[in-house]
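[1] coordinates only, sequence not included:
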């Protein structure tokens with residue numbers, strides 16, 4: 001009886017930690033959803049975060065749990081995950097998120113979590129305990145998602161410039177101020193649909209490992225799904241303002257038409273990845289789309305030095321969070 005009580009206490013603690021990560025994910029990645037719409041002046045910051053948070057939560061009714069299944073069952077060999085692995089993974093991801101938020105660096109919460117899982121699992125059982133198929137498609141989209149965002153953002157910018165080439169700039173600006181509300185809503189929908197599912201996946205992984213949910217279940221408990229979508233929406237409402245400035249102003253100067261093209265290109269990328277069950281970085285995606293929009297005007301419109309610093313943060317995300325997760329795993333062995 002005592003063992004069950006201790007196990008339940010640990011599970012409750014880890015679920016709370018996972019929801020804290022989910023909140024931090026929304027807080028950290030709010031910039032991905034609102035930076036363009038705030039920097040173009042279409043919405044005030046306070047209105048933008050409420051707008052984005054609403055669509056973060058509405059995603060619960062639209063997307064299947066394909067990404068949650070990948071994280072929960074497709075990255076680690078069955079039977080390897082335990083409470084120590086989950087603790088290490090979450091501590092690694094949260095530590096990297098806090099560090100990059102403090103310095104205003106738009107890094108990936110998604111890849112911090114994947115890196116955390118990888119680091120904790122390797123610390124426990126070595127690299128052989130990882131499922132290569134799930135890891136490889138996640139790693140592949142580190143490169144695919146920003147490139148696809150770049151391509152779609154730049155193509156949309158060129159298409160819009162051609163279609164409206166004879167229209168007065170003031171009229172174009174007026175139209176796209178309205179259209180940007182649609183594109184911002186779509187991007188926030190994609191952000192909630194892909195990112196909330198990563199936390200759903202790790203809680204599902206935890207419940208399976210501790211016997212509170214059967215491994216053969218096709219979906220996690222309903223309370224897990226609802227609480228994760230609520231947590232990411234709440235985090236978005238608080239907003240990570242340090243990163244908003246980097247995303248919305250420092251990479252390139254955006255107008256409503258550019259914001260629309262970047263958000264729409266990014267949203268298409270996120271919808272595609274979520275449908276395929278691939279946990280992608282919303283940060284990578286929107287950054288690629290913003291750079292694509294800027295470079296479609298002219299290469300010098302992009303501050304490549306800022307973009308380069310962001311890419312370095314991307315490169316270090318998985319190994320850095322994996323290292324912290326491995327250390328946290330060993331520490332947790334001494335705690336519970």
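    In hand now; what should we look at? Note that the coordinates shown come from a computational prediction; the quantities given were computed from them, not determined experimentally. Numbering: from 1, shown residues only.

[2] For the rest of this, base every contact and every neighbour count on C-alpha atoms.
    Fine.

[3] So for residue 233, what's the pLDDT?
    For residue 233, the pLDDT comes out at 94.

[4] Quick check: it touching residue 59?
    No - using CA atoms under 8 Å, residue 233 is not in contact with residue 59, being 10.3 Å away.

[5] Quickly list what's touching both of those two.
    residue 192 (CA atoms under 8 Å, 6 or more residues apart in numbering).

[6] which of these two has more neighbours?
    Between residue 233 and residue 59, counted using other CA atoms under 10 Å, residue 233 has the larger neighbour count: 31 against 20.

[7] element containing the more buried one, please.
    Using DSSP states H and E, residue 233 sits within helix 222-238.

[8] and that helix, what does it pack onto?
    The contact analysis (3 or more CA pairs under 8 Å, 6 or more residues apart in numbering; DSSP states H and E) places helix 222-238 against helix 2-39, helix 45-58, helix 169-209.

[9] So for it, what gets flagged as buried?
    224-225, 227-238 (16 or more other CA atoms under 10 Å).

[10] Under a three-state scheme, what state does residue 213 occupy?
    Of the three states, residue 213 takes coil according to DSSP: H, G, I helix; E, B strand; the rest coil.

[11] can you count the residues close to the residue nearest to it when sequence neighbours are not counted?
    Residue nearest to residue 213 in three dimensions, not counting chain neighbours: residue 207, with 5.3 Å by CA to CA, 6 or more residues apart in numbering. Close neighbours of residue 207, defined as other CA under 10 Å, add up to 21.

[12] one step back: Serialize the helices and strands packed on helix 222-238 to a markdown table and add fields for mean pLDDT.
    Shown next, in a markdown table, are the helices and strands packed on helix 222-238 (pLDDT from 0 to 100):
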| stretch | mean pLDDT |
| --- | --- |
| helix 2-39 | 79 |
| helix 45-58 | 89 |
| helix 169-209 | 92 |
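
[13] Kindly present these as TSV, with separate columns for distance to residue 321.
    TSV is the format used below for the helices and strands packed on helix 222-238 (distance: least, CA to CA, whole Å):
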stretch	distance to residue 321
helix 2-39	13
helix 45-58	25
helix 169-209	15
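
[14] I'd like to know which of these lies nearest to residue 122.
    helix 169-209 (16.4 Å; CA to CA).

[15] Who are the packing partners of the closest one?
    Applying 3+ CA pairs under 8 Å, 6+ apart, one finds that helix 169-209 makes contact with helix 2-39, helix 45-58, helix 66-73, helix 83-102, helix 222-238, helix 256-275.
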